[in-house]
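>>> Using only what follows, build the 3D model:
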Amino acid sequence: MTTTETAQRVNIFKQSPEVYQAMIALDAAAKKGLDPVLVELVLTRASQINHCAWCLDMHTQDARKIGISEQKLFLLNAWEEVPNLYTERERAALALTEAVTVLTDGFVPDEVYARAAEQFDERELSQLIAVIFTINSWNRIAVSTRRVPPVR
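Coordinates of the predicted model:
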């Protein structure tokens, strides 16, 4: 749902700088030890699902800077349809991202979790789950405060 006119919303980072600092620390801790390409794909996919324009703009730019192809970014919302484009680790991470991001159908399915557990050791899986819940938090902040990216 979009609106053409939006009332001024609170700048949560200005009004609650301790929340911003905590989110920055959580974000850095969550990404530790994970492949940056995998992380950017997860951040972008969750942001697509959550309709977060601010985060989509930021993470697609970051993804291109680290060498993720335009094709991989453009087809991300249909990743299941192009099995030869994404690695098995990326596919497992994307499935887990979708399951953790969209909880309206219930819990994360056992088969999705098991698929991720086959691809990642326990430390990596813990970090991946942390990356997913962190981007969902960032998305919710940006969407609820109507942060929009600059038009370039």
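>>> CA atoms of the longest helix along the chain as CSV?
If you go by DSSP state H, the chain has its longest helix at helix 122-144. Provided in CSV are the C-alpha atoms of helix 122-144 (Å, rounded to 0.1, in the frame of the first residue of the first chain):
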residue,chain,number,x,y,z
GLU,A,122,26.0,-24.0,13.8
ARG,A,123,28.0,-20.8,14.1
GLU,A,124,27.2,-19.7,10.6
LEU,A,125,23.6,-20.7,11.0
SER,A,126,23.4,-18.6,14.1
GLN,A,127,24.9,-15.6,12.3
LEU,A,128,22.6,-16.1,9.4
ILE,A,129,19.5,-16.1,11.6
ALA,A,130,20.8,-13.0,13.3
VAL,A,131,21.3,-11.2,9.9
ILE,A,132,17.7,-12.1,8.9
PHE,A,133,16.1,-10.8,12.1
THR,A,134,18.4,-7.7,12.0
ILE,A,135,17.4,-6.7,8.5
ASN,A,136,13.7,-7.3,9.4
SER,A,137,14.2,-4.9,12.3
TRP,A,138,15.8,-2.3,10.0
ASN,A,139,13.0,-2.8,7.5
ARG,A,140,10.4,-2.2,10.1
ILE,A,141,12.1,1.0,11.3
ALA,A,142,12.3,2.3,7.8
VAL,A,143,8.8,1.3,6.7
SER,A,144,7.1,2.6,9.9
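>>> Quick check: buried residues in it?
Under the neighbour-count criterion of 16 or more other C-beta atoms under 10 Å, helix 122-144 has 124-125, 127-132, 134-136, 138-139, 141-143 buried. C-betas here are computed from N, CA, C, even on glycine.
>>> before we move on, what about stretch 97-115?
Buried residues in stretch 97-115 (16+ other C-beta under 10 Å): 97-101, 108, 112-113, 115.
>>> Could you list the low-confidence segments of the protein?
Within the chain, the segments meeting pLDDT under 70 span 1-7.
>>> picking that back up, show residues contacting the longest helix of the chain.
Contact with helix 122-144 is made by 9, 12, 23, 26-27, 29-34, 38-39, 42-43, 46-47, 50-55, 93, 96-97, 100-101, 116-117, 120, 147, as judged by C-beta atoms under 8 Å, 6 or more residues apart in numbering.
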